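>>> Return atomic coordinates for the entry below.
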Amino acid sequence: MSTALAHALNRSLRDAMTADEKVLLIGEDIGALGGVFRVTEGLQQDFGDLRVVSSPLGEAGIVGAAIGLAMAGYRPVCEIQFDGFTFPAMNQIVTQLAKYRHRSEGKVSLPVVIRIPVGGGIGAIEHHSESPEAYFAHTAGLRVVCPSNSQEAYDMLGEAIRSNDPVIFLEPKRSYWAKSELRTDAAAADFEGARIIRPGNDLTLVTYGALVPAAERVARMLEEEGRQIEVIDLRSLSPIDDDTVVESVRRTGRLIIAHEASRSGGIAGELAARVQERAFYELEAPILRVTGYDTPYPASLLEHDWLPGVDRLLDACDRSFEH
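Residues are numbered from 1 along each chain as shown. Below you'll find the predicted structure:
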C-alpha cells in the first residue's frame with residue numbers, strides 16, 4: 001500500500017503502543033493537534049493523555065522526564081518539534097542519556113527514542129531547517145538513524161522503540177508526505193545496516209534521508225549515458241556500516257558522499273576517512289563530498305541554492321569520472 005512517510009511513522013507508533021503498554025509519547029502539541037507535522041494524529045484520542053502527553057514548551061524538561069520514565073521501566077518516545085529546538089536538551093542528551101549505561105557498568109539502560117524532524121526544503125528559516133546529526137553521531141552511547149522512505153520509517157522506528165539503547169531518530173521533514181510502498185507484516189530488518197538500493201559498478205554514491213531520491217534520480221540519468229551508479233542508503237549514522245560502503249568502493253573505485261548538513265565535521269568526512277583507511281589502493285579518484293555549506297542555514301529564498309541536489313551530484317560524478 002502506498003503510504004506517506006508521516007503516516008508510516010504514525011502506524012509504527014500505534015503498533016508499538018498497542019504491543020507494549022510501557023511505550024508512551026511525550027512532546028509539545030502532540031495530543032489533540034497531533035504534532036506540527038501530524039505524526040501523532042489520533043493517538044491521544046485512542047490511548048489517552050497519560051500515554052500521549054502534551055508537554056510544556058521545554059525540550060530539557062521533555063528529555064529529562066523521559067530519562068526518569070525510562071529508569072522507572074517505561075519506553076518513552078520524545079518528539080522535538082524542529083531540529084533547531086533540540087539544543088536546549090543537549091545537556092540531558094549528552095551528559096545523561098548517552099552516558100548512563102556506561103556509568104552504571106551496564107546495570108541500567110535508558111530505552112528512550114528522541115524523534116527529530118531534520119533538514120530543509122520546506123521554506124523555513126534557521127532552527128527549523130537544520131541538520132544536527134554530527135553532534136549526536138559524535139556522542140558515544142547514542143544510536144543515530146535516519147529513514148528515507150515509508151517502509152524504512154515504519155521498520156526503523158519500531159526497532160528503535162524496542163532497543164534498550166537511546167536512539168536519536170531523525171526524520172527528513174521534506175519527505176514526510178512522499179509516498180512509497182508500506183507493508184506492516186514484513187519482517188523488520190536490522191536498522192544498523194546500510195542498504196544498497198541500486199547496484200552499479202562504476203561509482204558508489206552514498207547518502208541518507210531526504211537526499212536518497214535525488215541520488216536515485218542521478219543514477220537513472222547517468223544510466224542513459226552508460227554509467228552504472230551504485231546508490232547506498234546509509235540509514236544508520238552511528239554506528240556507521242562502513243563495511244558495506246568499503247565493499248562497494250572496492251568494486252567501483254570511486255566514492256561520492258552527500259548530505260544536507262554543513263561540510264566541515266560532517267558524516268561525509270568521517271565516512272571518507274574510514275574508506276580511505278581501508279580501500280586506499282582500490283580508489284581510482286579522490287573521495288568527493290556534496291554537502292551544505294559552512295554557513296548558518298540561509299533565508300528560505302536561498303535554500304534551493306544552499307541545499308545539495310541533483311545538479312551538484314551530477315557535477316561531482318563528472319569530476320570523479322575525469323580522473
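>>> Spatially nearest residue to residue 276, not counting backbone neighbours?
Using C-beta to C-beta, 6 or more residues apart in numbering and skipping the chain neighbours, the partner closest in space to residue 276 is residue 287 (6.5 Å). For the C-beta atoms, the positions are set from N, CA and C on the backbone; glycine is no exception.
>>> Next, count neighbours for that neighbour.
By other C-beta atoms under 10 Å, the residues close to residue 287 number 21.
>>> ok, the lengthiest strand in the chain: who's next to it in the sheet?
Using DSSP state E, we find that the single longest strand of the chain is strand 255-262. Strand pairing for strand 255-262, determined by DSSP bridges: strand 203-207 (parallel), strand 288-292 (parallel).
>>> So for the first one, what gets flagged as buried?
Think strand 203-207. Judged by neighbour count (16 or more other C-beta atoms under 10 Å), strand 203-207 contains these buried residues: 203-207.
>>> May I ask which two of the residues you listed are separated the most?
203 and 207 (12.9 Å; C-beta to C-beta).
>>> Show me the shaky parts of the chain.
Low-confidence segments of the chain, defined by pLDDT under 70: 186-189.
>>> In terms of residue numbering, what are the domains of the chain?
Split into domains by automatic domain parsing, the chain comes to 2-181, 195-321.
>>> ok so, going back, quick one: which of the buried residues of strand 203-207 is nearest to residue 40?
Checking the buried residues of strand 203-207 against residue 40 with C-beta to C-beta, the nearest one is residue 207 at 27.8 Å.
>>> Excluding chain neighbours, what is closest to the closest one?
Setting aside the residues directly before and after it, residue 207 is nearest to residue 258 in space (C-beta to C-beta, 6+ apart), at 4.3 Å.
>>> isn't residue 111 right up against residue 70?
Yes: counting by C-beta atoms under 8 Å, residue 70 is a contact partner of residue 111 at 5.7 Å.
>>> thinking again about what came up before, next secondary structure element downstream of the longest strand of the chain?
Note on strand 255-262: by DSSP states H and E, the next helix or strand toward the C-terminus is helix 267-279.
>>> As a check, name the ranges of all strands in the stretch 51-200 of the chain.
52-54, 75-79, 113-118, 143-145, 167-172, 179-181, 195-198 (DSSP state E, counting those that start in this stretch).
>>> Take the ones you listed and lay them out in CSV including mean neighbour count.
Formatted as CSV, these follow (neighbours: other C-beta atoms under 10 Å):
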stretch, mean neighbour count
strand 52-54, 20
strand 75-79, 26
strand 113-118, 26
strand 143-145, 24
strand 167-172, 26
strand 179-181, 14
strand 195-198, 16
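>>> Would you reformat those as CSV and include distance to residue 276?
Listed next are these as CSV, based on distance: least, C-beta to C-beta, whole Å:
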stretch, distance to residue 276
strand 52-54, 46
strand 75-79, 36
strand 113-118, 27
strand 143-145, 22
strand 167-172, 26
strand 179-181, 34
strand 195-198, 21
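>>> closest one to residue 16 among the ones you listed?
Closest approach to residue 16 among the strands of the stretch 51-200 of the chain (C-beta to C-beta): strand 75-79, 7.8 Å.
>>> And the closest one, what does it pack against?
Under the contact definition 3 or more C-beta pairs under 8 Å, 6 or more residues apart in numbering; DSSP states H and E, strand 75-79 sits against strand 23-27, helix 59-71, strand 113-118.
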